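In: could you look at this predicted model? Sequence included:
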Amino acid sequence: MLRQFGSRALLGGALVLAVAPTRAADIAAGKEKAEMCVGCHGENGISQMENIPSLAGQLDQFVQWQLVFFRAGARKNEQMQPIVEQLNNEDIRNLGAYFASLTPPKGPKDDDPDLSAKGKQAAAGRRCASCHTDTYVGTKAVARLAGQREEYLVKALHDYKSGVRSGGAQAVMADVAYPLSEEEITALAHYLAHL
Ligand code: HEC
Ligand code: HEC
């Protein structure tokens, strides 16, 4: 009796596992769910609000991981907390696919090319492209940085530097950001925001 029940339960579990990873993300369902996000992250995932990142064209895996980090409390933000509490794994998968499918923001016209040149130099010296790719569009769980809001990039680098945010992938960004000077952070954010 017990054994039979056990093997049935096991079979049920195996079926769920076999089905879940192969089910494709549903972009249309992600778009519908993303109505919860528009008020802050903007129409079509382009943020018009200070300290709120654009999500358009952000990497599918990166978006999914950040939502999981928020939900688990590993990344903390008062505004995101009540949102992620309402998301299940399927929502997260669909939202990742939806935002990745949107046209990424284009950096505004560069109002300080000298600062961008400094940022470009700092990025080369710190080997930022070795993970974020040469065009800073990111890959997998490594964020897209090109065209992101400048003040949000400054905030993110400060959060890693101070340890407020540790991130995934062995917390590499904490190590990367720790030695950055204020001048470097300002220049890097300006350079990347205008790509
Ligand atoms: C009330 C405003 C608000 C709403 C609504 C909101 N967000 Fe956010 N979101 C934020 C803020 C603020 C941050 C930046 C957090 C930080 O500084 O660490 C953020 C960060 C994020 C990030 C991390 C992006 C990055 O580049 O690090 C993701 C992913 C995200 N939100 C997804 C969503 C999704 C998906 C929804 C809708 C289901 C949503 N958010 C709704 C305010 C909001
Ligand atoms: C060893 C690989 C690696 C290197 C080198 C690296 N990064 Fe990152 N970066 C990552 C990963 C992985 C993430 C996602 C971390 C997380 O989950 O929070 C990230 C995230 C970020 C974010 C947050 C983006 C967002 O939308 O929230 C910023 C900003 C950033 N990196 C800037 C930089 C800059 C500037 C440099 C060079 C000074 C750099 N990175 C070098 C791997 C790297």
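Out: Yep, it's here. Residues are numbered from 1 along each chain as shown. Ligands and ions are numbered 1, 2, ... in the order given.
In: helix, strand or coil for the closest residue to ligand 2 within the chain?
Out: Proximity of the chain to ligand 2 (CB to the nearest ligand atom) peaks at Gly167, 2.4 Å away. For every residue, glycine as well, the C-beta is placed using N, CA and C. Secondary structure state of Gly167, per DSSP: H, G, I helix; E, B strand; the rest coil, is coil.
In: got a pLDDT number for it?
Out: We have a pLDDT of 83 for Gly167.
In: just the helices in the chain please.
Out: 2-19, 27-33, 38-41, 60-72, 81-84, 89-101, 113-125, 129-132, 150-162, 172-177, 182-193 (DSSP state H).
In: among the ones you listed, which is nearest Pro53?
Out: helix 150-162 (4.8 Å; CB to CB).
In: surely Lys161 meets Val176?
Out: No: in this structure Lys161 lies outside contact range of Val176 using CB atoms under 8 Å: 9.1 Å.
In: that older thread, so which of the helices of the chain gets nearest Gly138?
Out: helix 129-132 (5.6 Å).
In: show me what contacts the residue of the chain closest to ligand 2?
Out: Phe69, Arg75, Tyr160, Met173, Ala174 (CB atoms under 8 Å, 6 or more residues apart in numbering).
In: cool, and Ala29?
Out: Glu90, Asp91, Asn94 are the contacts of Ala29 under CB under 8 Å, 6+ apart.
In: turn those into TSV, including pLDDT.
Out: Formatted as TSV, those follow (pLDDT from 0 to 100):
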residue	pLDDT
Glu90	97
Asp91	98
Asn94	98
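In: identify the residue nearest Ala74 in space, chain neighbours excluded?
Out: Once flanking residues are discounted, Ala74 sits nearest to Ser166: 7.2 Å by CB to CB, 6 or more residues apart in numbering.
In: any idea how many residues pack against the one you found?
Out: Number of residues near Ser166 (other CB atoms under 10 Å) recorded here: 15.
In: so it touches Lys76, yeah?
Out: No: Ser166 is beyond contact range of Lys76, at 10.5 Å (criterion: CB under 8 Å).
In: show me how this structure divides into domains.
Out: The record's domain parsing of the chain by automatic domain parsing lists 24-101, 113-193.
In: of all those domains, which lies closest to Gly107?
Out: Short answer: domain 113-193, nearest of the domains of the chain by CB to CB, at 4.5 Å.
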